[in-house]
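**Student:** Output the structure for:
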Amino acid sequence: MIFAVIIFATAITIMAYVWYDINNQLSLSYSFGPELMEFETQAFSQTLLTSGYPSNWQSAINPSNISTWKNINIGIGGATGLSLSKIYAFASMANSNYQATKPLLGLTFDYYIMIYNNNINITIGKNPSNSKPLSINVITVASSINGQPVTVKMLVWSSLPFGVS
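**Tutor:** Numbers count the residues shown, from 1 in each chain. Below is the predicted model:
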């Protein structure tokens, strides 16, 4: 009887270990990374096109001094379309310290923004073509700058895998 209990307990222990290992592998392989990236992309695109907080945040910061970036939310929207002063302030911030701009945008992934038409070509962020991305989410919207129609393409991307390879 004791021998049967020992064998049963050993079998349960082995099954628990195998189950834990399989469950761990599945949770890593089928993680919520893609869903999180999609959520961040949607939130990022909606926030970026607002005026930000405060609405004149570009006047309240020094783009090369991160300590002045506290208590702001970046938005490039203006009263009628996009604001060039906000776009240039944001671009300067990203050029100064790209990693520090990601939390201000609510992002944990990398981003790249293209604002363009026939006469305008502005890019902000880290170009994914230089980093071999594994996942990219793209949102494209129409807007305007000084009455001129522009296309705004917002990319959220990662060069890291979401699961076990």
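
**Student:** State the next helix or strand along the chain beyond whichever strand or helix holds Y112.
**Tutor:** Using DSSP states H and E, the element containing Y112 is strand 110-116. On the C-terminal side of strand 110-116, the nearest following helix or strand under DSSP H and E is strand 121-125.

**Student:** picking up where we left off before, which secondary structure elements does the strand holding Y112 contact?
**Tutor:** Helices and strands touching strand 110-116, by 3 or more C-beta pairs under 8 Å, 6 or more residues apart in numbering; DSSP states H and E, are strand 121-125, strand 148-158. C-beta here means a position set from N, CA and C on the backbone, and glycine is covered the same way.

**Student:** Give the pairing partners of that strand; include direction for each.
**Tutor:** Strand 110-116 has these partner strands in its sheet, going by DSSP bridges: strand 121-125 (antiparallel), strand 148-158 (antiparallel).

**Student:** tell me which residues in the shortest one are buried?
**Tutor:** Pointing back at strand 121-125 there. For strand 121-125, a neighbour-count test (16 or more other C-beta atoms under 10 Å) marks 122, 124-125 as buried.

**Student:** just the longest one next, same as before
**Tutor:** Across strand 148-158, burial judged by 16+ other C-beta under 10 Å covers 150, 152, 154-158.

**Student:** Just the strands from the chain, written as ranges.
**Tutor:** For the chain, applying DSSP state E gives strands covering 77-78, 81-82, 110-116, 121-125, 135-145, 148-158.
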